[in-house]
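Asker: have a look at this prediction, sequence included:
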Amino acid sequence: MRKRLGIISLFTLLFLAFIIIWNYSYQTGLKEAYIPIENGDINGVYLTENGVFENSLNALEYANMPIDENHQRTLDTYYKNRAYYGAPPFIPHPVKEEMSIGGNTCLQCHQKGGFVPKFNTYAPITPHPEMINCRQCHVKKTSEALFAQNNFAKTQAPKVGVNNALPGSPPMIPHQIQMRENCLSCHAGPAAPKEIRVTHPERINCMQCHVPNNAQPDINMAIFTRDNKNYDE
Ligand code: HEC
Ligand code: HEC
Ligand code: HEC
Ligand code: HEC
């Protein structure tokens, strides 16, 4: 009896040892086959390129569109609608539903663009149709006067036509990419300012050739002050 029990417990022990060792080697084997991609990393790395392809289904159409010489926008009028470089442009036209937040009221013209006879020009395409509360940022200009005198100086927009290292090489992107991921919305189609209307909208992977200019901008920041004499808080 004792002998039998001894043999059975020996085999149980061996069996347990086998399970433990096999499990251990299985687990270490697993670790070696593991590819360390962390969740979220992929989005993090390519975040600024997410929007590049957004309008690319229309790219061929943009490429084949004739240029309407009489209704071209220029960078001059583009900058005139902005309080300073990078600011959301004012709404330069009357709006039907004064109290709407935006959304479809605005997107019917600004999502795809196109000629608007009553304004006698083409509607610029919005780079951000998903931000439907348009009037959170875009408002009408109601006065030219300042609330208070101040020393605010506008930063200058970067120049165009001078951003290539060599003649014929792709110019660097002189502006930041945040909120400007969707290149074709500003650089293609009839509402694109003529100085920056791209000759090759069909090359949809823009950042394959155009890289952001990471040089630090030369900004002489003055400390912002205002004269409160004529300003009632
Ligand atoms: C009937 C079509 C139409 C509708 C609706 C419309 N827009 Fe426009 N929008 C235009 C056209 C055309 C222009 C170009 C006008 C110009 O350059 O004088 C323009 C210009 C603009 C600009 C200036 C863009 C720039 O780069 O200077 C802004 C901002 C704007 N619209 C915002 C809005 C908002 C916000 C709404 C909704 C409340 C709206 N629009 C509704 C046709 C429209
Ligand atoms: C969070 C603020 C914000 C919201 C919301 C917003 N915009 Fe803008 N929008 C901006 C800024 C900032 C710019 C200037 C972008 C730049 O110059 O880089 C701009 C630019 C534009 C332009 C000019 C594009 C061009 O080529 O000249 C149009 C048109 C426009 N927005 C329309 C709209 C419409 C329509 C909506 C609603 C569906 C909207 N925006 C919602 C901040 C906003
Ligand atoms: C909101 C509109 C807008 C969007 C979106 C936008 N750009 Fe621009 N881009 C401009 C304007 C305006 C200029 C002229 C300089 C300035 O004002 O920043 C410019 C200038 C440039 C230039 C310099 C051209 C030259 O001749 O020197 C390049 C290259 C360029 N952009 C590439 C891109 C690429 C690539 C993207 C997409 C990742 C993009 N842009 C998205 C408005 C835009
Ligand atoms: C295969 C490389 C390549 C791709 C992809 C590319 N570009 Fe270009 N781009 C160039 C070159 C090269 C030039 C200079 C052309 C010249 O000087 O004649 C240029 C010039 C430009 C200019 C200056 C005006 C002009 O057309 O000459 C702008 C703006 C521009 N590209 C925007 C874009 C945008 C927006 C996209 C994406 C739709 C894009 N590029 C895709 C190579 C490329």
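Answerer: Ah, there it is. Ligands and ions are numbered 1, 2, ... in the order given.
Asker: for Val198, which non-adjacent residue is spatially closest?
Answerer: The shortest distance from Val198 to any non-neighbouring residue, by C-beta to C-beta, 6 or more residues apart in numbering, is to His187 (4.4 Å). Using the backbone N, CA and C atoms, a C-beta is placed for each residue, glycine as well.
Asker: got phi/psi on the residue nearest the centre of the chain?
Answerer: Centroid check for the chain by C-alpha atoms, centre = their mean gives Glu181 as the closest residue, at 2.9 Å. The phi/psi pair for Glu181 (degrees, to the nearest 10) reads phi -70, psi -30.
Asker: could you do Asn214 as well?
Answerer: phi -90, psi 10.
Asker: what about it, how many neighbours?
Answerer: For Asn214, the neighbour count with other C-beta atoms under 10 Å is 7.
Asker: give me the pLDDT for it.
Answerer: As predicted, Asn214 sits at a pLDDT of 74.
Asker: please apply the same query to Arg226.
Answerer: 71.
Asker: likewise for the one 3 residues further on?
Answerer: On pLDDT, Lys229 comes in at 63.
Asker: again, but for Pro217
Answerer: For Pro217, the pLDDT comes out at 58.
Asker: the residue nearest to Val198 reaches Pro201, doesn't it?
Answerer: Yes - the criterion here is C-beta atoms under 8 Å, and His187 meets it with Pro201 at 7.3 Å.
Asker: please say which of those two ends up with more neighbours.
Answerer: Per other C-beta under 10 Å, whichever of His187 and Pro201 has more neighbours is Pro201, with 24 against 19.
Asker: any idea how far the more buried one lies from ligand 2?
Answerer: Distance, Pro201 to ligand 2, using C-beta to the nearest ligand atom, to the nearest Å: 14 Å.
Asker: now the helix ranked longest in the chain: mean pLDDT?
Answerer: In the chain, taking DSSP state H as the definition, the longest helix is helix 2-32. For helix 2-32, the mean per-residue pLDDT is 87.
Asker: how about low-confidence regions in the chain?
Answerer: Under the criterion pLDDT under 70, the flagged ranges of the chain are 29-50, 97-99, 216-224, 227-233.
Asker: which parts of it sit against ligand 1?
Answerer: 78, 81, 89, 91-93, 95, 102, 105-106, 108-110, 116, 119, 121, 123-124, 134-135, 138 (C-beta under 6 Å from any ligand atom).
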